[in-house]
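Trainee: Below is the sequence, then the predicted model.
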Amino acid sequence: MMFHFIHAIHLAGRCTECGECERACPMDIPLGKLKKKINMDMLDLFDYVPGIVCEDKPPLYTFKVEEKKIEEHEL
């Protein structure tokens, strides 16, 4: 299961939710739900939907010191 969590985070902003990973999973893990949740977060935080504009780079490919919708937590 840990592999799938790491893999889902690695694909954050790049998964187009085609469902192929879920279809191919020999353990019938509902990977689509996990990736859908991550894509919802990407939309909320970065206003980005993967696969819509091919020339756009996924948000996690670039680095900005301060993101508009992410607030720093006080320590």
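Mentor: Yep, it's here. Numbering: from 1, shown residues only.
Trainee: any idea how far Ile9 is from Leu34?
Mentor: 10 Å (Cβ to Cβ, to the nearest Å). (C-beta placed from N, C-alpha, C; glycine too.)
Trainee: can you check Gly19 too?
Mentor: Taking Cβ to Cβ, one finds Gly19 at 19 Å from Ile9.
Trainee: Kindly report the same for Tyr61.
Mentor: With Cβ to Cβ as the criterion, Tyr61 and Ile9 are 14 Å apart.
Trainee: Assign a three-state SS to the residue nearest the centre of the chain, would you?
Mentor: Nearest to the geometric centre of the chain sits Ala12, at 2.3 Å (Cα atoms, centre = their mean). Here Ala12 is recorded as coil under DSSP: H, G, I helix; E, B strand; the rest coil.
Trainee: Please name the residues that touch it.
Mentor: Residues in contact with Ala12, defined by Cβ atoms under 8 Å, 6 or more residues apart in numbering, are Ile38, Asn39, Asp41, Met42, Pro58, Leu60.
Trainee: rerun that using 7 Å as the cut-off
Mentor: Ile38, Met42, Leu60 (Cβ atoms under 7 Å, 6 or more residues apart in numbering).
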